[in-house]
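In: Give me coordinates for this.
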Amino acid sequence: MQLRKLSGGLKAAYRGSDVRRRVEHFDGWMDRAQAEDVGPASYDHAETVREYYDLCSDFMIFGWSESLHFAPLSPEESLEDSQARHQRLMIDKLELREGMAVIDVGCGIGGPLRRVAREAGVSVVGVNSSEVQLEKARALTAQAGLDHVVDYLACSFMDMNAIADDTFDRGYAIESTCHAPDKAGAFAEIYRVLKPGALFWGQEMCMTDRFDPGDSRHQAIKRDLMHGIALKDIATMGEVDWALESAGFEVIEGIDRAVAENSAVTPWYQPMEAPGKTLGSALRRIPIGRKAYIGVARLAQVLGVFPKGSADVVRLMDGTARAYVAGGRAGLFTPLYCFLARKPL
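Out: Residues are numbered from 1 along each chain as shown. Predicted coordinates for the structure are as follows:
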């Protein structure tokens with residue numbers, strides 16, 4: 001049943017395109033970006049990010065969950081339960097109240113968005129530049145019976161000109177502004193659409209204080225992370241705070257929740273390294289399971305169940321998972337720098 005659903009999702013997302021060539025083109029994005037940094041500004045990083053999610057989203061949902069983000073984990077919880085707990089922390093920090101208007105910046109397929117709308121009683125607008133993800137988000141939101149309080153807008157969060165100034169009571173961005181080619185510019189645009197006094201929650205992927213720019217091994221890990229996740233750069237936590245303040249925000253708190261919430265017992269990268277208490281979908285996330293699914297995808301291609309090139313996408317994602325684990329195990333990288341900021345009155 002799940003493979004049939006995945007098959008339909010992949011065929012809808014890829015639309016008969018040459019997936020193998022698309023993966024090869026994506027693999028070269030860093031070389032193109034660096035080559036064009038010294039010439040005309042023709043490289044479009046937003047296009048690279050969009051291609052990453054267009055290629056990988058259905059496999060992400062299949063192997064991870066409908067919430068495409070990391071969370072502080074607990075040995076007593078499934079990944080999905082930890083994600084729900086983390087989203088409820090965000091709801092609490094944002095002080096959401098019934099009737100508020102909220103913006104989800106870079107909403108993915110709307111996993112957290114649907115919880116926010118359902119549990120906080122607010123209306124939410126999800127912003128996303130990937131039509132593939134938005135199509136799935138709209139379908140899942142309709143299935144959840146929430147389409148009367150949720151709307152989606154197809155645009156880049158770097159330029160949300162369809163939204164007037166001072167529109168939203170609250171905003172949040174979960175693992176999205178880390179993709180921004182200009183973080184301060186992204187925060188400035190978010191600042192514009194929030195009302196004075198509005199709270200803004202963010203979850204950023206960052207290099208930690210252990211990262212040494214002069215260490216070649218550290219640089220190699222950072223490069224692998226940037227390549228696999230389509231990050232133009234990876235900021236430090238201090239650089240994120242600086243970008244927020246330069247946009248006009250007051251930073252209320254900034255916490256690496258990978259450290260603050262018992263990560264020594266169950267580190268954030270554990271689902272990609274070893275199975276937890278239950279197998280199920282957890283098997284798809286660990287190295288042996290990922291390798292097995294490359295083989296499954298190859299066979300499914302031959303049988304016409306998956307589009308040709310699907311195995312190349314799984315192989316790309318396996319490399320990304322290995323980069324996550326390497327960065328996490330070395331303590332150089334966290335996907336859980338969570339901040340709360342306010343637009344001044």
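
In: residue boundaries of the helices in the stretch 101-250 of the chain?
Out: Under the criterion DSSP state H, counting those that start in this stretch, helices of the stretch 101-250 of the chain are mapped to 111-120, 131-143, 183-193, 216-229, 237-247.

In: Between the ones you listed, which one is closest to residue 321.
Out: Of all the helices of the stretch 101-250 of the chain, it is helix 216-229 that lies closest to residue 321, at 8.1 Å by CB to CB. Placement of C-beta: from N, CA and C, glycine included.

In: Going by neighbour count, list what's buried in that closest one.
Out: Residues of helix 216-229 classed as buried by neighbour count (16 or more other CB atoms under 10 Å): 218, 221-222, 224-229.

In: hang on, the earlier thing: the helices of the stretch 101-250 of the chain into CSV, with extra columns for distance to residue 344?
Out: Below are the helices of the stretch 101-250 of the chain laid out as CSV (distance: least, CB to CB, whole Å):
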stretch, distance to residue 344
helix 111-120, 24
helix 131-143, 32
helix 183-193, 10
helix 216-229, 32
helix 237-247, 11
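
In: wait, which of those helices is closest to residue 206?
Out: Taking CB to CB, helix 237-247 is the member of these nearest to residue 206, at 4.9 Å.

In: Against which helices or strands is whichever helix or strand comes after the closest one packed?
Out: Later in the chain than helix 237-247, the nearest helix or strand by DSSP states H and E is strand 250-256. Using 3 or more CB pairs under 8 Å, 6 or more residues apart in numbering; DSSP states H and E, the elements in contact with strand 250-256 are helix 237-247, strand 333-342.

In: Averaged pLDDT, strand 250-256. What do you get?
Out: Mean per-residue pLDDT for strand 250-256: 97.

In: so how far is that strand off the chain centroid?
Out: Mean-position distance between strand 250-256 and its chain equals 20 Å (CA atoms, centre = their mean, to the nearest Å).

In: Check which element follows it along the chain.
Out: As assigned by DSSP H and E, the chain's next helix or strand after strand 250-256 is helix 257-260.

In: ok, and what's touching that following helix?
Out: Here helix 257-260 makes contact (CB atoms under 8 Å, 6 or more residues apart in numbering) with 72, 86, 267-268, 328, 334-338.

In: Can you tell me which of those is closest to residue 308?
Out: Nearest to residue 308 among those: residue 335, at 31.6 Å, using CB to CB.

In: What pLDDT is listed against the closest one?
Out: With respect to pLDDT, residue 335 scores 97.

In: Spit out the contact partners of it.
Out: Residue 335 is in contact with 69-70, 175, 203-205, 258, 268, 324, counting by CB under 8 Å, 6+ apart.

In: Now render the residues you listed as a markdown table, adding distance to residue 137.
Out: Listed next are the contacts of residue 335 as a markdown table, based on distance: CB to CB, whole Å:
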| residue | distance to residue 137 |
| --- | --- |
| 69 | 14 |
| 70 | 19 |
| 175 | 15 |
| 203 | 18 |
| 204 | 22 |
| 205 | 21 |
| 258 | 27 |
| 268 | 24 |
| 324 | 24 |
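
In: Let me know the pLDDT of residue 287.
Out: 87.

In: Residue 153 now?
Out: pLDDT recorded at residue 153 is 97.

In: ditto for residue 259
Out: Residue 259 is assigned 89 on the pLDDT scale.

In: next SSE after the lowest-mean-pLDDT helix or strand in the chain?
Out: Ranked by mean pLDDT, DSSP states H and E, the helix or strand of the chain with the weakest confidence is helix 282-285, at a mean of 77. Sequence order places helix 287-302 as the next helix or strand after helix 282-285, per DSSP H and E.

In: Which secondary structure elements does that next one sit against?
Out: So helix 287-302, by 3+ CB pairs under 8 Å, 6+ apart, packs with helix 282-285, helix 310-329.
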